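Q: Okay, sequence plus prediction incoming.
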Amino acid sequence: MSNITYKADEYADSKKFPFRIHVEKYTIFELLGDPTGKRVLDAGCGDGIYSRQLVDQGASFVIGVDGAKDFIELAKQKNGGYEERIQFVHSFIQDFPGNGDLDSVIASYVLSYPKSLEEATAYCKAMASHLKSGGKLIGFNNNPFEVFDGVRHAEYGFEKEMHGDTEGSLVIYRVAGMDNPIVNFHLHPKTYERAFREAGFSEFRWQRVLLNPNQQGNSYWNNFFSNEPSFVAMLAMK
């Protein structure tokens, strides 16, 4: 994630977009289940919004880790009242091994950054090292099943640009309100599956992203879900 050039406050503001609330957040928390009493790693925590929401929903302890220093600084600024239950750490996830004592990992866009199988495996191994046996990882990621040549999705507050499915090729997101683009990398679905397997996860499955039921019937989402959505979820068990 050393290629992050966008600003923490701009990225945090993008969490207000409908797709981030009604698709991203809804999918992650629906797949995670009740976090009451759980110890959770929030990988790629950004400004810590999900870390705080996890605690609000009953998590006993959350570690938020992000490779961008300004994101961690912003997360700490917003951490008033949560200090005893949330710890924020500045580190790239692949350089942050754990102690096998956490119940769950949420990984929001973390696996959109590896450029190869080797890098993806390193990310997955690091996250697996935090989990107890039977622990669960929920990923939310650029969708490797959506492959095209051009630009899509501007009506949802971002433009996604890619040019085919070459392994390691650029996937660029230009988000409304952000001066600089978010640069991700395309890996084939089988590459991700192998990375999770080599990292020691016993189960892995893809999950089509979910829409908050209170948005059902809203035509705004028709194009978002018409074919392969821009994003996908991952569910893995250690």
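A: Nice, I can see it.
Q: just for the chain, where's the confidence low?
A: Residue ranges of the chain with pLDDT under 70: 1-5.
Q: Helices of the chain, start to end?
A: With DSSP state H as the criterion, the chain has helices at 8-13, 18-19, 26-32, 49-56, 69-77, 117-128, 189-198.
Q: Pipe the ones you listed into JSON lines and attach distance to R152 per row.
A: In this view, the C-beta of every residue, glycine as well, is placed from N, C-alpha and C. Below are these laid out as JSON lines (distance: least, Cβ to Cβ, whole Å):
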{"stretch": "helix 8-13", "distance to R152": "21"}
{"stretch": "helix 18-19", "distance to R152": "13"}
{"stretch": "helix 26-32", "distance to R152": "19"}
{"stretch": "helix 49-56", "distance to R152": "26"}
{"stretch": "helix 69-77", "distance to R152": "27"}
{"stretch": "helix 117-128", "distance to R152": "24"}
{"stretch": "helix 189-198", "distance to R152": "19"}
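Q: Of all the ones you listed, which one is nearest N180?
A: Nearest to N180 among these is helix 8-13 (8.3 Å), distances taken as Cβ to Cβ.
Q: who are the neighbours of that closest one, in terms of helices and strands?
A: Under the contact criterion of 3 or more Cβ pairs under 8 Å, 6 or more residues apart in numbering; DSSP states H and E, helix 8-13 touches helix 69-77.
Q: again, only using 10 Å
A: helix 69-77, strand 170-175 (3 or more Cβ pairs under 10 Å, 6 or more residues apart in numbering; DSSP states H and E).
Q: Contacts only, for the most centrally placed residue in the chain.
A: Centroid-nearest residue in the chain, with Cα atoms, centre = their mean: S108, separated by 1.1 Å. In this structure, S108 makes contact with 20, 24-25, 28, 42-46, 49-50, 138-141, judged by Cβ atoms under 10 Å, 6 or more residues apart in numbering.
Q: which one among the residues you listed gets closest to K238?
A: When those are compared for distance to K238 (Cβ to Cβ), I138 wins out at 12.5 Å.
Q: Return the set of buried residues in the biggest strand by length in the chain.
A: In terms of residue count, the longest strand belonging to the chain (DSSP state E) is strand 131-142. Neighbour-count burial for strand 131-142, counted by 16 or more other Cβ atoms under 10 Å, picks out 131, 135-142.
Q: just stretch 210-223 next, same as before
A: Applying 16+ other Cβ under 10 Å to stretch 210-223 flags 210-212, 221 as buried.
Q: For that stretch, measure first residue to last.
A: Between the opening and closing residues of stretch 210-223 there is a gap of 14 Å (Cα to Cα, to the nearest Å).
Q: Other residues contacting it?
A: Under Cβ under 10 Å, 6+ apart, the answer for stretch 210-223 is 18-19, 21-31, 152-153, 155-156, 224-225, 229, 233.
Q: Just the buried ones from those residues, in ChimeraX syntax?
A: Here is the ChimeraX selection string for the buried members of the contacts of stretch 210-223, based on 16+ other Cβ under 10 Å:
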select :18,19,22,23,24,25,26,27,28,29,31,152,153,156,224,229,233
